Structures are given as structure tokens and as C-alpha cells.
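Participant: Following is a predicted model, sequence given first.
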Amino acid sequence: MSCTKHEFIKNKLFGQDFEYPDINAVGEMHVLDNGLLRIFPHHENEVFNGCFYVLMDAGTYSTASGFCALIKDNNLGTLIGEPTGGLGSSFGNFATIQLPNSKIPLDISTSRYYRPNADRDFYPVIPDREVNFSGRTFNEILIYINDL
């Protein structure tokens, strides 16, 4: 059975598990509309076709590390700098409880996030081009990128 992505998605409730066999969805906008997931295709003239670079270092952590993993695992750009301080796969969404006797607050993670490439190991995201930018001015960094 063949159907368009819109036909496939239009009646799927948000949060319901489903798979769509088309991996060419990059650039489409996905919107939650009254509890339904709607997909709107991009227009060719709105797609960026240039080079995309992400600068990263040990100060890149949390959601920024996840962003770097997303870019790297989907070949959406070039990562430049040093390994992230955060992890590509990680934990998050903490719930705080209070220990009954000591009254010490304790944060417990309620979620585990995996890299887009499904890697479950916990290690930093490694740049495509490892460069130490310490001591360099922003203009020097731009010249380096421009020479790639």
C-alpha cells in the first residue's frame, strides 16, 4: 500500500509510535496541530545549500552536545573544534525527591536520550576537524573556516 507522507501521518496522534519508510524528510516542518502531527513539505527555494559549520569545544554540553550529535550523525554539516564537554547520549528530565530521614533533596533522571545513530555509549561528540581555538580571535577562526 502506497500513500503520501501527509496521508500516512494525518491521523496519527502525537506521541503514538509509528514509522514512515521515507528517510528523505530533512527540511520538512513538523507541527503539532490539535493533537495531530502535521507535515508540511519544504519549498526548494527555502532550502539552504551552502556549507554548514558548527564550532564546539569542552564548553559544549547538555542540549548543545545533542545538537552536535544530530549534525554529525545525519551528515548535516562539519563539526570543528574539540570534543564536547557533554555526551552524545545522556540522561535528562530530572525529578527531585526528598530523602525521608535526612531531608536531603535528590535528583533522579527520568529520561535517557540516545544519539541519532542509536549509539548507547556515553562519550563526547568528536569533531570532524579537531582544532584548538584557544587564544585565537574570532576573525582568525573565520579565516580558518573560510580556508576549508
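Facilitator: Arrived safely, thanks for sending. Residues are numbered from 1 along each chain as shown.

Participant: mind listing the strands for the chain?
Facilitator: If DSSP state E is used as the criterion, the strands of the chain fall at 29-33, 36-40, 53-56, 78-81, 90-98, 105-113, 129-130.

Participant: Let me have those in a markdown table, adding mean neighbour count as columns.
Facilitator: Every residue, glycine included, has its C-beta placed from N, CA and C. Conversion of the strands of the chain to a markdown table gives the following (neighbours: other CB atoms under 10 Å):
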| stretch | mean neighbour count |
| --- | --- |
| strand 29-33 | 10 |
| strand 36-40 | 14 |
| strand 53-56 | 20 |
| strand 78-81 | 20 |
| strand 90-98 | 11 |
| strand 105-113 | 11 |
| strand 129-130 | 12 |
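
Participant: how about those strands, which one is nearest Ser62?
Facilitator: Distances from Ser62 to each of those were compared using CB to CB; the shortest belongs to strand 90-98, at 7.9 Å.

Participant: Show me the contact partners of the lengthiest helix in the chain.
Facilitator: Taking DSSP state H as the assignment, the helix of the chain that covers the most residues is helix 63-73. Outside of helix 63-73, the residues within contact range by CB atoms under 8 Å, 6 or more residues apart in numbering are 52, 54, 56, 60, 76-77, 79, 84-90, 113, 115-117, 124-126, 128.

Participant: can you tell me which of those are in helices?
Facilitator: Per DSSP H, the subset of the contacts of helix 63-73 in helices is empty.

Participant: quick one on the thing from earlier: and the strands of the chain as JSON lines, adding distance to Lys72 and mean pLDDT?
Facilitator: Supplementary listing: these in JSON lines, determined by distance: least, CB to CB, whole Å; pLDDT from 0 to 100:
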{"stretch": "strand 29-33", "distance to Lys72": "21", "mean pLDDT": "55"}
{"stretch": "strand 36-40", "distance to Lys72": "25", "mean pLDDT": "59"}
{"stretch": "strand 53-56", "distance to Lys72": "9", "mean pLDDT": "94"}
{"stretch": "strand 78-81", "distance to Lys72": "6", "mean pLDDT": "95"}
{"stretch": "strand 90-98", "distance to Lys72": "15", "mean pLDDT": "86"}
{"stretch": "strand 105-113", "distance to Lys72": "15", "mean pLDDT": "87"}
{"stretch": "strand 129-130", "distance to Lys72": "12", "mean pLDDT": "94"}
